[in-house]
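Q: Sequence plus the predicted model coming up.
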Amino acid sequence: MSDVLHINGGTPLSGEITVRGAKNFVSKAMVAALLGDTPSELRNVPVIRDVAVVTGLLELHGVAVTADTGAGVLTLDPSNVESAHVADIDAHAGSSRIPILFCGPLLHRLGEAFIPDLGGCRIGDRPINYHLDILRQFGAVVDKREQGIHIRAPRGLQGTKIALPYPSVGATEQLLLTAVRAEGLTELSNAAIEPEILDLINVLQKMGAIISVDTDRVIRIEGVPRLRGYRHTALPDRIEAASWASAALATRGDIRVLGASQPEMTTFLNTFRKVGGEFDVDDDGIRFYHPGGDLRSIVLETDVHPGFMTDWQQPLVVALTQAKGLSIVHETVYENRFGFTDALRGMGATIQVYRECLGGHPCRFGQRNFYHSAVVSGPTPLSAAEIEVPDLRGGFSHLIAALAAKGTSQVKGIDLIDRGYEHFTDKLAALGAEFERD
Ligand code: EPU
């Protein structure tokens, strides 16, 4: 199937869709299965490409993965874990950022790991220095080679005391997946505490790990020699839910997102309401809708949890083009997450990006020439355009813009969106969107 969508926009999206487990949790829980000596069962797993990529990598390492995609159940049997051939692993180079998280589990299981060049969205430099520093502190030896990174643990892995320079999600996960089976105690300060990380801690605890999370971003782990498999239902994808909520707002629509859960979305829901959106929460999900009238401009700053997620920013900015007045958005997690606004400007939006830290607290990107603040002036009608999808969340934002715009837009590269949005074209159809795939 071609990766071009022709979208005839201007119709409010309306109806009901379902979101399943969080992409940014499911992939990590799959990696955690490597640490057990019995099979694990993960439920509420969406059909997205990131799951397929991690499945491929686990299979290369001898994990038997069986999937019931309809029911959303994965069984992962790590009984026969083995070293994979570098050439095979390299075939996955550039397809995801998850391989870096294989390090700790593979070091425990095999004493060595090879990590290919990483992929993921191009939204900044996305270095892995925190990950490598963590692994070295546990006693691993890191050898950077042309094709990737070779890591060994000749004397095993020992618990350690680490403070992160920034509460990185991936680095916190790296530490957890390594410390649970390292010898002795580990303490991490300035840890990320995103709900997806807390659910990973739930999984590890089910496997036999001993982990405590303090209120001051300190995580403590007592290493144990063995872990078993787990049975777990993944928490829902709050990024996907917020993406559909933003689509409802931008198209003046009404979308009930089954599976969406309030506690992980409190900060988003507050902002959604301040912009002028309405929502009703019930036991099955959340209905997001445009109640009519004008949307309101806001001042917004992205941050680590419990702040406003960086991944919510891009879809919401499209809705802000329809709000009355000047909105100010300060992106403090990634230095380069406003590239997607070029296409919005081409569709008639008035968005200006700045190097300064606007509207919030000075962040680590201030005075460093990164265009990480944006001023959005609205409301501006959007007109159809030809758009190339730049990254996962930016791409979904372009879809929203095309759905809100009058006329027929051509959106190219939509395969990228399959990485993190399950069956999104089926969902668009269920919501009454008018589109064709070449
Ligand atoms: N950072 C470093 N060095 C490191 C690691 C991170 O400088 O070694 C910096 C990054 O460059 C960035 C900041 O720390 O500026 C935060 O990065 P973090 O490590 O928290 O992000 P991540 O683990 O690579 C995950 C999600 C992202 C999400 C972020 C923030 C996955 C697979 N990815 O990335 O999700 O934006 O946390 O919540 O879990 C997405 O789903 O589209 C996506 C990009």
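A: Received, thanks. Numbers count the residues shown, from 1 in each chain.
Q: Please count neighbours and contacts with C-alpha atoms only from this point.
A: Will do.
Q: Now do the SS call for the closest residue to Phe25 other than its chain neighbours.
A: In space, and not counting its chain neighbours, Phe25 is closest to Glu196: 5.1 Å by CA to CA, 6 or more residues apart in numbering. Glu196 falls in the helix class when you classify it by DSSP: H, G, I helix; E, B strand; the rest coil.
Q: go on, Ile201?
A: Per three-state DSSP, the secondary structure class of Ile201 is helix.
Q: what's the closest residue to it other than its chain neighbours in contact with, if anything?
A: Nearest non-adjacent residue to Ile201, counting by CA to CA, 6+ apart: Ile211, 7.2 Å away. Applying CA atoms under 8 Å, 6 or more residues apart in numbering to Ile211 gives the contacts 180, 201, 205, 219-222.
Q: The ligand contacts on the protein?
A: Counting by CA under 6 Å from any ligand atom, the chain comes close to the ligand at 24, 121, 125-131, 168-171, 310-311, 333-334, 392-393.
Q: which among the residues you listed end up buried?
A: Burial by neighbour count, 16 or more other CA atoms under 10 Å: within those this picks out 24, 121, 130-131, 168-171, 310-311, 333-334, 392-393.
Q: Secondary structure added to the residues you listed, as CSV?
A: As requested, those are arranged in CSV below (three-state DSSP):
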residue, secondary structure
Asn24, helix
Cys121, coil
Tyr130, helix
His131, helix
Ser168, coil
Val169, helix
Gly170, helix
Ala171, helix
Thr310, helix
Asp311, helix
Val333, coil
Tyr334, coil
Leu392, helix
Arg393, helix
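Q: Helix, strand, or coil at Val142?
A: On the basis of three-state DSSP, Val142 is classed as strand.
Q: Where does the closest residue to it other than its chain neighbours fall, secondary structure wise?
A: In space, and not counting its chain neighbours, Val142 is closest to Ile151: 4.6 Å by CA to CA, 6+ apart. Assigning secondary structure by DSSP states H and E places Ile151 in strand 148-152.
Q: before we move on, the earlier item: list the residues that contact the residue nearest to Val142.
A: So Ile151 contacts 103, 107, 112-114, 140-143 (CA under 8 Å, 6+ apart).
Q: ditto for Thr233
A: Contacts of Thr233 by CA under 8 Å, 6+ apart are 21, 42-44.
Q: Could I get the full set of strands for the stretch 151-300 of the chain?
A: Ranges of strands in the stretch 151-300 of the chain, per DSSP state E, counting those that start in this stretch, are 161-163, 185-189, 210-213, 219-222, 231-233, 254-258, 278-282, 285-289, 295-296, 299-301.
Q: which residues are in contact with the strand or helix carrying Ser409?
A: According to DSSP H and E, Ser409 maps onto strand 407-412. With contact meaning CA under 8 Å, 6+ apart, strand 407-412 is reached by 3-10, 383-389, 398-399, 402.
Q: strand partners of that strand, parallel vs antiparallel please.
A: strand 4-9 (antiparallel), strand 386-388 (parallel) (DSSP bridges).
Q: Quick one: mean pLDDT for the shortest one?
A: Pointing back at strand 386-388 there. Strand 386-388 shows a mean pLDDT of 96.
Q: now it: how far from the chain's centre is it?
A: 23 Å (CA atoms, centre = their mean, to the nearest Å).
Q: Just the buried residues of that strand, please?
A: Per 16+ other CA under 10 Å, strand 386-388 contains these buried residues: 387-388.
Q: ok, residues contacting that strand?
A: Contacts for strand 386-388 (CA under 8 Å, 6+ apart): 343, 395, 398, 409-413.
Q: and which of those is nearest to Leu326?
A: In terms of CA to CA, no member of the contacts of strand 386-388 lies closer to Leu326 than Ala343, at 19.1 Å.
Q: how far away is the residue of the stretch 201-350 of the chain found nearest the ligand from Glu194?
A: Taking CA to the nearest ligand atom, the ligand has its nearest neighbour within the stretch 201-350 of the chain at Tyr334, 4.2 Å off. Computed with CA to CA, to the nearest Å, the distance linking Tyr334 and Glu194 is 16 Å.
Q: do the same with Gly104
A: For Gly104 relative to Glu194 (CA to CA), the value is 20 Å.
Q: of the two, who's got more company?
A: Gly104 (34 against 20; other CA atoms under 10 Å).
Q: The more buried one against Ala171, yeah?
A: No - Gly104 lies out of contact with Ala171 (CA atoms under 8 Å); the separation is 11.5 Å.
Q: What are the boundaries of the helices in the chain?
A: Remark: helices assigned in the chain by DSSP state H are 23-32, 49-60, 86-90, 103-110, 129-137, 169-179, 195-207, 238-250, 266-275, 310-320, 341-346, 392-404, 424-430.
Q: Tell me, how many residues neighbour Gly72?
A: 16.
Q: Please read the previous query as pertaining to Gln313.
A: Counted with other CA under 10 Å, Gln313 comes out at 26.
Q: Use 25 as the first number from now on
A: In the new numbering, first residue 25, that becomes Gln337.
Q: now do the same end-to-end measure for stretch 241-254.
A: 26 Å.
Q: Give me the residue ranges of the stretch 325-462 of the chain where confidence is low.
A: Along the stretch 325-462 of the chain, the model assigns pLDDT under 70 to no residue.
Q: Without its sequence neighbours, what residue ends up closest to Thr202?
A: Nearest non-adjacent residue to Thr202 (CA to CA, 6+ apart): Gly128, at 4.2 Å.
Q: OK, contacts around the closest residue to Ala343 other than its chain neighbours?
A: Excluding the flanking residues, the one nearest Ala343 by CA to CA, 6+ apart is Ala274, at 4.3 Å. Residues in contact with Ala274 (CA under 8 Å, 6+ apart) are 342-344, 346, 424-425, 428.
Q: how about 7 Å then?
A: By CA atoms under 7 Å, 6 or more residues apart in numbering, Ala274 lies in contact with 342-343, 346, 428.
Q: quick one: Val97 from the ligand, how far?
A: 20 Å (CA to the nearest ligand atom, to the nearest Å).
Q: Dig out what Ile235 forms beta bridges with.
A: Beta-bridge partners of Ile235, counted by DSSP bridges, are Ile245.
Q: just to revisit the earlier point, distance of the residue nearest to Val166 relative to the ligand?
A: For Ile175, the distance to the ligand - CA to the nearest ligand atom - is 16 Å.
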